[in-house]
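[1] Requesting a structural model of the entry that follows:
(chains A and B)
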2 protein chains.
Amino acid sequence: MAEMLSVVYAKGFRVGSGRGGLKSKGDDVMLLVADEPAAAAAVFTTNKMFAAPIRYSREVAKSGRVKAIVANAGNANAATGDAGYANAREMAKIAAGYASCDAAEVFVASTGVIGRPLDMDKVRAGVEAAAGNLGSDVAAAEAAARAIMTTDLVPKSSQRSVTIDGCEVRVGGITKGSGMISPKMATMLAFITTDAVITTATLQKALLEATEVSFNRVIVDGDMSTNDCAFVLASGKSGAAEIKAGTAQYDLFVNALSEVAVELAKQMAADGEGATKLVTVEVTGAADNDAAAKQARAIAMSPLVKTALFGCDPNWGRVLAAAGYAGAPFEEGKAVLSFNGVKAFDKGVPLPKTGPINDVMKEHDITIELALGLGKGAAVVYTCDYSYDYIKINAEYHT
Amino acid sequence: MAEMLSVVYAKGFRVGSGRGGLKSKGDDVMLLVADEPAAAAAVFTTNKMFAAPIRYSREVAKSGRVKAIVANAGNANAATGDAGYANAREMAKIAAGYASCDAAEVFVASTGVIGRPLDMDKVRAGVEAAAGNLGSDVAAAEAAARAIMTTDLVPKSSQRSVTIDGCEVRVGGITKGSGMISPKMATMLAFITTDAVITTATLQKALLEATEVSFNRVIVDGDMSTNDCAFVLASGKSGAAEIKAGTAQYDLFVNALSEVAVELAKQMAADGEGATKLVTVEVTGAADNDAAAKQARAIAMSPLVKTALFGCDPNWGRVLAAAGYAGAPFEEGKAVLSFNGVKAFDKGVPLPKTGPINDVMKEHDITIELALGLGKGAAVVYTCDYSYDYIKINAEYHT
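    Sure, this is the predicted structure:
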């Protein structure tokens, strides 16, 4: 990634990182502090098994005002019972001390191994170190993106600015998540900040809309891990007028927020465990948008499609079969399938697997376009291929 | 497998195999002939993309009387349009010539690559060769089980006899299917015969019941390929009284049929592409049976659970998370999880990953027992692990 300010791009935020010793090396604690309590929105895992920091942060989200986010990598604080919850609260309290606020104004997030007690001495040391280097420059932003990584190979950042009524409003964020091939247990954390003037309710609405086309489209089956969460804080320091739901300004803001979220989502897909390709699945002409999303997800989830992509095989049969079993209308005689613009199947007729199709399959970025010819439904999903390294990483990574 | 009579164990059937040249080597056509038209039941793929032989055999199934089954491996005759349908019908006609019946009395099944026209000269040669060695001995049965194999490493056979009113009734069958880790495109074909005296309607009912606890439980996501089908033919030659629905005799028969189907299903799971383990997932104490089945399937489908099993890792976190996102009631504090009888998680408390648990994880047959403590629902699902070879097989097998 090009260096960018990400979470400190918007006015009113500082971020710091430090090492507590929870990961085998590098910084493993991030502390993000708003100058003043910010409007806060959040989405959480829908998994019925959820980690202690999720339980804690859900309560914090109710108030809608947050001054800090504290996150650690290396230990998920999941399946740790009431003691784990007490540790999450204690972690918020430690962060609150440095952010000059109440523990009830601190979002907490954790990622890493599950079922092990969080070492609070290490957390304390990490938060202290992070608080010691709070800043709003590129180095601070970059370090924060690295501090939350687990099996991620690269840090993930994005930012956008949008002019609203002549005034610049900024949105930026970081994320971590590498098991996006199968996100069921691979934690996705996303932290986004903005200097928009916006109420908590409107910010929450905007986050849900942005999540639907981004994080929920890289989480290919709609399931989330025990620890998944995305937080947005709005400082209100842009100087622009308040963004109200149902206005053109709101649409501009949601568009910027969605672009940041989609860019983060695509970075996660590209850094999927063992991934050799970034794959975009575009379904059009479906019965409706829900049908299109079901079919795009089925294609993106199919291990047979993923392994074919790894093998650079334009395997239209596996793609069409996935669309066929997705539980939505499908007619072989109307479907047109292309890989990076080269047709592989045209309304019932397979095309020869010779020439250009074999060249495009070798590219790193693959777009699978499936036009169903049935209606106006459309959906896009981001995923990656399945390689030997996916097996290696997941067979050898013991919790 | 021990040698067995399988499809010719029941009285009134002969089977033959021959090479037509559709596979790179070995026999690739099977012809099963009943002495007289038999009561016939069938289940087919639910995929909206289905192959020509499925379309043809669905029509045959309506009559309920079948004298022969003809099957080929090496070419699935899928995504081949109306020409493919004409070829499936022609294949039935060729078989009918040797079985002395009408083409409308012949079930057709195909498995192999999709999107390529079926070479009818090869089919004709294969059926002729198969018809030339029809028999009812172990060699004929074994050859038939081999003729329908594609990526399968071993042939799959099963048989049972049951005494009904003092008279022996036999049930036996063969199956193929190796992509059962992800059966979305990996064809499962099952051919079962019995000498029970039974109407088509009652046989169909019995097959649906048996399928529910067998083939639908190894097809871990309930989806089926473009070509999946299971046929049962009943010759009525046992000499026993007619088996009528709702009687104790019916229950005995369904039990035998289910045992044969479960044994075939387990053989498919064990021969899953790249599998190093046969995995049985038993969920008990669920809210109801549907909930249990959802949770067992979610566990069996999880790539993270499958890769952990390959790594011999008693990864209770991944198993519980899958149960948690399955869309059914789950409470971490009530769940008890064991691997081969050794507890790994006990009502919210993870147990140390030391001692016996590591020994049992190295075994070939792994039973994951999850007791949810919520109700009386139970379900069993059969699956296997995910290994490097799964990726190899599916990245390199181009259609």
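[2] how about the strands in the stretch 151-300 of chain A?
    A:156-164, A:167-176, A:189-194, A:229-234, A:278-286 (DSSP state E, counting those that start in this stretch).
[3] Output those strands in CSV, with mean pLDDT appended to each entry.
    Putting the strands of the stretch 151-300 of chain A into CSV (pLDDT from 0 to 100) gives the following:
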stretch, mean pLDDT
strand A:156-164, 94
strand A:167-176, 95
strand A:189-194, 95
strand A:229-234, 94
strand A:278-286, 96
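[4] Which among those is found nearest to chain B?
    In terms of Cβ to the nearest Cβ, the element of the strands of the stretch 151-300 of chain A nearest to chain B is strand A:278-286, at 12.5 Å. The C-beta positions use only the backbone N, C-alpha and C, and glycine is treated the same way.
[5] Quick one: low-confidence residue ranges for the stretch 101-250 of chain A.
    Applying pLDDT under 70 to the stretch 101-250 of chain A flags the ranges A:178-186, A:219-224.
[6] which residues in it form helices?
    A:120-131, A:138-147, A:200-212, A:215-218, A:248-270 (DSSP state H, counting those that start in this stretch).
[7] Can you say which of the ones you listed is packed in most?
    Burial of the helices of the stretch 101-250 of chain A is given as mean neighbour count (mean count of other Cβ atoms under 10 Å in any protein chain shown); helix A:215-218 ranks first at a mean of 25.
[8] Just the residues contacting stretch A:242-250, thanks.
    A:164-165, A:169, A:196-199, A:201-202, A:205-206, A:241, A:253 (Cβ atoms under 8 Å, 6 or more residues apart in numbering or on different chains).
[9] do the same with stretch A:130-144
    Counting by Cβ under 8 Å, 6+ apart, residues outside stretch A:130-144 touching it are A:3-9, A:13-18, A:27, A:29-33, A:70, A:95, A:98-99, A:147, A:155, A:157, A:172, A:174.
[10] Cross those residues against helices and list the overlap.
    A:95, A:98, A:99, A:147 (DSSP state H).
[11] rewinding a little: let's have the strands of the stretch 151-300 of chain A in a markdown table, adding distance to chain B.
    Compiled in a markdown table, the strands of the stretch 151-300 of chain A are given as follows (distance: least, Cβ to the nearest Cβ, whole Å):
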| stretch | distance to chain B |
| --- | --- |
| strand A:156-164 | 21 |
| strand A:167-176 | 17 |
| strand A:189-194 | 16 |
| strand A:229-234 | 15 |
| strand A:278-286 | 13 |
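[12] so who does residue A:170 touch?
    A:9, A:10, A:11, A:159, A:160, A:161, A:194, A:195, A:238 are the contacts of residue A:170 under Cβ under 8 Å, 6+ apart.
[13] ugh, wrong one, residue A:255
    Per Cβ under 8 Å, 6+ apart, neighbours of residue A:255: residue A:162.
[14] Please report the distance of it from residue A:283.
    Using Cβ to Cβ, to the nearest Å, we find residue A:255 at a distance of 22 Å from residue A:283.
[15] ditto for residue A:62
    37 Å.
[16] of those two, who's got more company?
    residue A:283 (28 against 9; other Cβ atoms under 10 Å in any protein chain shown).
[17] Do I have it right that the more buried one meets residue A:374?
    No - in this structure residue A:283 lies outside contact range of residue A:374 using Cβ atoms under 8 Å: 10.5 Å.
[18] re the thing from before, including distance to residue B:231, could the contacts of stretch A:242-250 go into CSV?
    What follows is the contacts of stretch A:242-250, written out as CSV (distance: Cβ to Cβ, whole Å):
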residue, distance to residue B:231
A:164, 66
A:165, 70
A:169, 65
A:196, 63
A:197, 68
A:198, 63
A:199, 63
A:201, 59
A:202, 60
A:205, 54
A:206, 55
A:241, 70
A:253, 60
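[19] In those, find the pair that's most separated.
    A:165 and A:201 (20.8 Å; Cβ to Cβ).
[20] So which residues on the stretch 1-150 of chain A come close to chain B?
    A:46, A:47, A:48, A:49, A:50, A:78, A:79, A:81, A:114, A:115 (Cβ under 8 Å from any Cβ of the partner chain).
[21] Give me the spatial nearest neighbour of the last one, chain neighbours excluded.
    Looking back up the chat, that one is residue A:115. residue B:350 (4.0 Å; Cβ to Cβ, 6 or more residues apart in numbering or on different chains).
[22] correct me, but the one you found touches residue A:84?
    No - assessed by Cβ under 8 Å, residue B:350 is found out of contact with residue A:84, at 11.2 Å.
[23] now the nearest residue to residue A:65 once chain neighbours are set aside: how far from residue B:40?
    Nearest residue to residue A:65, sequence neighbours excluded (Cβ to Cβ, 6+ apart): residue A:37, at 4.5 Å. Separation of residue A:37 from residue B:40 (Cβ to Cβ): 72 Å.
[24] Quick check on the two: which one has the bigger neighbour count.
    Ranked by neighbour count (other Cβ under 10 Å), residue A:37 and residue B:40 place residue B:40 first, with 25 against 18.
[25] what helix or strand does the more buried one sit in?
    Using DSSP states H and E, residue B:40 sits in strand B:29-44.
[26] ok, the helix or strand following that strand near chain A or not?
    Downstream of strand B:29-44, the first helix or strand assigned by DSSP H and E is helix B:52-63. No - Helix B:52-63 is not in contact with chain A by Cβ under 8 Å from any Cβ; minimum separation 11.0 Å.
[27] Return the set of buried residues in helix B:52-63.
    B:52, B:53, B:54, B:55, B:56, B:57, B:60, B:61 (16 or more other Cβ atoms under 10 Å in any protein chain shown).
[28] do stretch A:376-387 as well
    So for stretch A:376-387, counting by 16+ other Cβ under 10 Å, buried means A:377, A:378, A:379, A:380, A:381, A:382, A:383, A:384, A:385, A:386, A:387.
[29] And stretch A:61-80, by the same measure?
    In stretch A:61-80, the ones that count as buried by 16+ other Cβ under 10 Å are A:61, A:64-80.
[30] same thing with stretch A:83-95?
    Buried residues in stretch A:83-95 (16+ other Cβ under 10 Å): A:84, A:85, A:87, A:88, A:89, A:90, A:91, A:92, A:93, A:94, A:95.
[31] For the nearest residue to the last one once chain neighbours are set aside, give the beta-bridge partners.
    To tie it back to what came earlier, the one meant is residue A:95. Nearest residue to residue A:95, sequence neighbours excluded (Cβ to Cβ, 6+ apart): residue A:70, at 3.7 Å. Beta bridges link residue A:70 to residue A:31, residue A:108 when assigned by DSSP bridges.
[32] Per-residue pLDDT of residue A:70, please?
    Predicted confidence (pLDDT) for residue A:70: 98.
[33] May I have the host helix or strand of residue A:324 as PDB, with CA atoms only?
    Following DSSP H and E, the helix or strand that holds residue A:324 is helix A:316-325. What follows is helix A:316-325, C-alpha atoms only, in PDB (Å, rounded to 0.1, in the frame of the first residue of the first chain):
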ATOM      1  CA  TRP A 316     -17.200 -22.400 -16.500                       C
ATOM      2  CA  GLY A 317     -18.800 -25.700 -15.400                       C
ATOM      3  CA  ARG A 318     -18.000 -25.200 -11.800                       C
ATOM      4  CA  VAL A 319     -19.000 -21.600 -11.900                       C
ATOM      5  CA  LEU A 320     -22.400 -22.300 -13.500                       C
ATOM      6  CA  ALA A 321     -23.000 -25.300 -11.200                       C
ATOM      7  CA  ALA A 322     -22.500 -23.000  -8.200                       C
ATOM      8  CA  ALA A 323     -25.000 -20.500  -9.600                       C
ATOM      9  CA  GLY A 324     -27.400 -23.400 -10.300                       C
ATOM     10  CA  TYR A 325     -27.400 -24.700  -6.700                       C
END
